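*Asks:* I'll drop the sequence and a predicted model, then ask my questions.
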Amino acid sequence: MSAIRVILDTGPLVAYLIKREVHHEWALQHFAKLPAPFYTCEPVIAECSFLLKDIPRGISTLMAFLQRGQIAITFSLDSEKESVATLLQKYADVPMSLADACLVRMSEQMGDSVICTLDSDFRVYRKHQRQVIPLIIPTV
């Protein structure tokens, strides 16, 4: 059996980098025990960059994670635009963000994966139309 690959959403990454975030301790504990690299997509990095813009060393730390290979961007929106568009349409009532659609598509591509998120919408989303997506998410 291969190791589980962790797909990383915006929330846990921002919580890890910002000490005053509600889920900072949760993120620290989970990142310490989860296997790197963490996989993500460019929309997540863009969301994180926006949220970290006023945090000293926030964006530079994020970029250092990428440069060191702790976070890997393996998803191509250009290659997956039809699948992502289908997901966005299917979950328009949630509403689903571009980053969320990319992460759901990544979970379809990476069968041995789990999504690390703070977003409860991932409890609604399904991969391959009907399959529950394995999550690492704080308990309510």
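*Replies:* Sure thing, it's come through. Residues are numbered from 1 along each chain as shown.

*Asks:* how about the strands in the protein?
*Replies:* Assigned by DSSP state E, the chain shows strands spanning 5-8, 38-40, 71-73, 113-116, 126-127, 131-132, 135-136.

*Asks:* And the second one, what does it pack against?
*Replies:* For strand 38-40, the packing partners by 3 or more CB pairs under 8 Å, 6 or more residues apart in numbering; DSSP states H and E come out as strand 5-8, strand 71-73. In short, each C-beta sits where N, CA and C put it, glycine included.

*Asks:* next one: the third one
*Replies:* In this structure, strand 71-73 packs against strand 38-40, helix 42-52, helix 58-67, with contacts taken as 3+ CB pairs under 8 Å, 6+ apart.

*Asks:* now swap in the last one and tell me
*Replies:* For strand 135-136, the elements it packs on are strand 113-116, judged by 3+ CB pairs under 8 Å, 6+ apart.

*Asks:* And for the fifth one?
*Replies:* Packed against strand 126-127 by the contact rule (3+ CB pairs under 8 Å, 6+ apart) you find helix 98-109.

*Asks:* if we can go back for a sec, any chance of JSON lines for the strands of the chain, columns distance to residue 20, mean pLDDT and mean neighbour count?
*Replies:* Output for the strands of the chain, formatted as JSON lines (distance: least, CB to CB, whole Å; pLDDT from 0 to 100; neighbours: other CB atoms under 10 Å):
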{"stretch": "strand 5-8", "distance to residue 20": "20", "mean pLDDT": "98", "mean neighbour count": "24"}
{"stretch": "strand 38-40", "distance to residue 20": "22", "mean pLDDT": "98", "mean neighbour count": "24"}
{"stretch": "strand 71-73", "distance to residue 20": "22", "mean pLDDT": "97", "mean neighbour count": "16"}
{"stretch": "strand 113-116", "distance to residue 20": "20", "mean pLDDT": "97", "mean neighbour count": "22"}
{"stretch": "strand 126-127", "distance to residue 20": "33", "mean pLDDT": "96", "mean neighbour count": "18"}
{"stretch": "strand 131-132", "distance to residue 20": "33", "mean pLDDT": "96", "mean neighbour count": "10"}
{"stretch": "strand 135-136", "distance to residue 20": "22", "mean pLDDT": "97", "mean neighbour count": "18"}
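
*Asks:* Good, we can wrap up now.
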